[in-house]
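# Below is the structure, and that's it, no one-letter string:
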């Protein structure tokens with residue numbers, strides 16, 4: 001049972017991440033909703049960040 005728990009926690013830790021400090025510095029305002037946090041940049045970068053707390057991150061790169 002402990003091995004299964006350790007494996008599950010390892011999977012979750014590998015598939016999730018925390019925001020980098022530079023990403024958080026770019027976001028000056030936040031809208032808090034029931035399911036997610038939406039950070040909207042006010043600067044010229046127009047970089048918006050959406051955090052789904054506890055969500056798994058897809059390993060996919062999309063270029064605009």
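Perfect, I can see it now. As the structure is a prediction and not an experimental result, all values here were calculated from the model.
# quick one: residue 21 from residue 34, how far?
Here residue 21 is placed at a distance of 27 Å from residue 34 (C-beta to C-beta, to the nearest Å). Placement of C-beta: from N, CA and C, glycine included.
# check contacts around the closest residue to residue 52 other than its chain neighbours.
Residue nearest to residue 52 in three dimensions, not counting chain neighbours: residue 36, with 4.9 Å by C-beta to C-beta, 6 or more residues apart in numbering. Each residue near residue 36 by C-beta atoms under 8 Å, 6 or more residues apart in numbering is listed here: 50-53.
# neighbour count winner among residue 21 and residue 34?
The neighbour count for residue 21 versus residue 34, taken as other C-beta atoms under 10 Å, is higher for residue 21 (8 against 4).
# Lowest average confidence across helices and strands of the chain, where is it?
Lowest mean confidence among the helices and strands of the chain (mean pLDDT, DSSP states H and E): helix 21-26, at a mean of 66.
# re the thing from before, for the contacts of residue 36, which single residue is the most surrounded?
Most surrounded of the contacts of residue 36: other C-beta under 10 Å gives residue 51, at 15 neighbours.
# How much space separates it from residue 6?
Residue 51 is 26 Å from residue 6, by C-beta to C-beta.
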